[in-house]
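Visitor: Please find the sequence and the predicted model below.
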Amino acid sequence: MTRMKPVQTINRELLDNVSMQARTAPRRRKNHNFHAAENDPCNRLLNAIEPDSYIQPHCHRDASKDETIIILRGRVGMVFFDDRGAVTSTTVLAPASEAVGVNVPHGVYHTLVALESNSVFFEAKAGPYAPLIPEEKAAWAPVEGDPRAATYLAGLKHLFV
């Protein structure tokens, strides 16, 4: 008989825990995976992010890698781009607001910025997990760790002021 995984309740304690881990992490974000292994057919996770965390704009080329994001706490700004880096649209996600989530089709360049500390969203996409390849990272945006990333992130946040 296969051993069943325990039920995990998504509650304030779990959100507080993953947020605390994000605040102390070097990248200022932290995942809490619900899938058992990176090669599972569906990756489901909580993602806690702090306002000074930079995610390089990217897209997922694999046709099975549409990505769904649902905000659970805080506020995040979603930014969508064309292939040359021009912003095509933005939206703010916040619980109990008009927009609480997005479904990002594969091939669409996007990033998100935390607009409040302790922001946490639920993310789901097809597995297995695969790190972004160079062709999926926006060549027109600084890479994570580049000294220009902080200025670029500030410009992204300014879209939501």
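Guide: Yes, it's here.
Visitor: What residues sit buried inside the lengthiest helix in the chain?
Guide: Counting by DSSP state H, the longest helix found in the chain is helix 12-24. By 16 or more other Cβ atoms under 10 Å, the buried positions in helix 12-24 come out as 15, 18-19, 22. Backbone N, C-alpha and C define where each C-beta goes, glycine included.
Visitor: Can I get whatever helix or strand comes next after it in CSV, CA atoms only?
Guide: Downstream of helix 12-24, the first helix or strand assigned by DSSP states H and E is strand 29-33. What follows is strand 29-33 as a C-alpha-only set of coordinates in CSV (Å, rounded to 0.1, in the frame of the first residue of the first chain):
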residue,chain,number,x,y,z
ARG,A,29,11.9,35.1,-1.5
LYS,A,30,11.2,31.6,-0.5
ASN,A,31,9.2,28.7,-2.0
HIS,A,32,7.1,26.1,0.0
ASN,A,33,6.5,23.2,-2.3
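Visitor: Tell me which residues are up against the helix or strand following strand 29-33.
Guide: Downstream of strand 29-33, the first helix or strand assigned by DSSP H and E is strand 42-49. Strand 42-49 has contacts (Cβ atoms under 8 Å, 6 or more residues apart in numbering) with 10, 14-15, 18-19, 21-22, 28-35, 55, 72, 76, 112, 114, 118-129.
Visitor: Strands of this protein, start to end?
Guide: 29-33, 42-49, 67-73, 76-81, 87-93, 101-104, 109-114, 119-126 (DSSP state E).
Visitor: what lines up beside the fifth one in the sheet?
Guide: By that I understand strand 87-93. Sheet pairing of strand 87-93 (DSSP bridges) gives strand 76-81 (antiparallel).
Visitor: Just the mean pLDDT for the strand it pairs with, thanks.
Guide: The pLDDT scores in strand 76-81 average 98.
Visitor: any idea of the angle it forms with strand 119-126?
Guide: With axes from the mean of the first three to the mean of the last three Cα atoms, to 10 degrees applied, the angle from strand 76-81 to strand 119-126 works out at 50 degrees.
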